[in-house]
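# Using only what follows, build the 3D model:
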Amino acid sequence: AVVSTQSTGTELGGEEGESLRAYVYLRVVTGDEMSKRHKFVLLTWCGPSVPALKKAKMSLEKTQVKNLMSNYAVEIQTSELEDMALDNIIERVRKSGGANYGPGK
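Numbering: from 1, shown residues only. Down below sits the predicted model:
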């Protein structure tokens with residue numbers, strides 16, 4: 001279940017987020033002045049307060065999620081909110097994308 005979506009990302013923070021498990025399929029636009037690329041990210045969130053049995057169940061669920069959403073450039077599995085910051089996600093996608101052909105800085 002998606003907790004909430006916005007044009008800037010997905011919000012899973014706060015006390016309620018600490019006990020959630022979530023699978024997020026996120027589309028990110030990256031590139032440079034010469035070209036734009038649309039990439040997908042598979043983000044798996046497991047809050048730090050999730051019980052051990054539910055954490056173990058995620059490995060089975062994740063296999064099913066990957067079968068449904070098999071086209072992604074980056075996979076992120078985390079329980080740290082810092083990893084879910086949109087800037088961090090975009091940077092990881094950009095690094096996985098290969099060469100940038102812009103004029104540079």
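# going forward, measure contacts between C-alpha atoms and count neighbours the same way
Noted.
# For this protein, which segments count as helices?
52-68, 86-96 (DSSP state H).
# Mind checking these for the one nearest to Asp32?
In terms of C-alpha to C-alpha, the element of those nearest to Asp32 is helix 86-96, at 9.7 Å.
# What are the buried residues along the closest one?
Applying a neighbour-count criterion of 16 or more other C-alpha atoms under 10 Å, one finds Ile89, Ile90, Arg92, Val93, Arg94 buried in helix 86-96.
# As JSON lines, the residues you listed with pLDDT and distance to Glu80 would be great.
Below are the buried residues of helix 86-96 laid out as JSON lines (pLDDT from 0 to 100; distance: C-alpha to C-alpha, whole Å):
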{"residue": "Ile89", "pLDDT": "91", "distance to Glu80": "13"}
{"residue": "Ile90", "pLDDT": "89", "distance to Glu80": "16"}
{"residue": "Arg92", "pLDDT": "91", "distance to Glu80": "15"}
{"residue": "Val93", "pLDDT": "90", "distance to Glu80": "18"}
{"residue": "Arg94", "pLDDT": "86", "distance to Glu80": "20"}
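# and the closest residue in space to Cys46 that isn't next to it in sequence, what does it touch?
The spatial neighbour of Cys46 that comes closest, neighbours along the chain excluded (C-alpha to C-alpha, 6 or more residues apart in numbering), is Arg21 at 4.6 Å. Residues in contact with Arg21, defined by C-alpha atoms under 8 Å, 6 or more residues apart in numbering, are Thr44, Trp45, Cys46, Gly47, Val50.
# if we take the buried residues of helix 86-96, which one ends up nearest to Ala73?
Among the buried residues of helix 86-96, Val93 lies closest to Ala73 (C-alpha to C-alpha), at 6.9 Å.
# If anything else comes up later, I'll come back, but that's it for now.
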